[in-house]
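Colleague: Take this sequence and fold it.
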Amino acid sequence: MASLSSFRQSYRYLQRQAHEQPVIFYSLVIGFIGPVLLVTVPPIRKSLGFRNSEPIPTSYPVPNRPRRPVQGYEDE
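Modeller: Below is the predicted model of the structure:
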């Protein structure tokens, strides 16, 4: 019975903190949820069939041909 009493007191304390200092309370709630989501979301996404996207190209593809000299722009 003592264990239920301690949980009840903790719950009442959290309720009071959520009412009196909501910014601190909810910032802590979000802070504790973050690592949990970090561990649980990737397996769920994988089971639903999501795949990682292809990496974005970091360079422009250069054609396999000789370069033509530029003419007509006052180049000499």
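Colleague: So which residues of the protein form helices?
Modeller: With DSSP state H as the criterion, the chain has helices at 2-20, 22-47.
Colleague: Compare these and say which comes out lowest on pLDDT.
Modeller: The stretch with the lowest mean pLDDT among the helices of the chain is helix 2-20, at a mean of 83.
Colleague: Please work out how many residues are found near residue 36.
Modeller: 9 (other CB atoms under 10 Å). Where C-beta positions appear, they are placed from N, C-alpha and C, glycine not excepted.
Colleague: can you put the helices of the chain in CSV and add distance to residue 73?
Modeller: Below are the helices of the chain laid out as CSV (distance: least, CB to CB, whole Å):
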stretch, distance to residue 73
helix 2-20, 69
helix 22-47, 51
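Colleague: and of those, who's closest to residue 61?
Modeller: Across those, residue 61 has its closest neighbour in helix 22-47 (30.8 Å, CB to CB).
Colleague: picking up where we left off before, any idea which of the helices of the chain gets closest to residue 56?
Modeller: When these are compared by CB to CB, helix 22-47 sits nearest residue 56, at 19.9 Å.
Colleague: Next, the angle helix 2-20 makes with the closest one.
Modeller: 110 degrees (axes from the mean of the first three to the mean of the last three CA atoms, to 10 degrees).
Colleague: in helix 22-47, what's buried?
Modeller: Across helix 22-47, burial judged by 16 or more other CB atoms under 10 Å covers residue 25.
Colleague: centre of the chain versus it, how much separation?
Modeller: Centre-to-centre, helix 22-47 and its host chain are 10 Å apart (CA atoms, centre = their mean, to the nearest Å).
Colleague: Quick one, which of the helices of the chain gets closest to residue 53.
Modeller: From the helices of the chain, taking CB to CB, the stretch that ends up closest is helix 22-47, at 12.3 Å.
Colleague: packing partners for the closest one?
Modeller: Contacts defined by 3 or more CB pairs under 8 Å, 6 or more residues apart in numbering; DSSP states H and E place helix 22-47 against helix 2-20.
Colleague: helices or strands next to the helix it packs on in the packing?
Modeller: Counting contacts by 3+ CB pairs under 8 Å, 6+ apart, helix 2-20 packs against helix 22-47.
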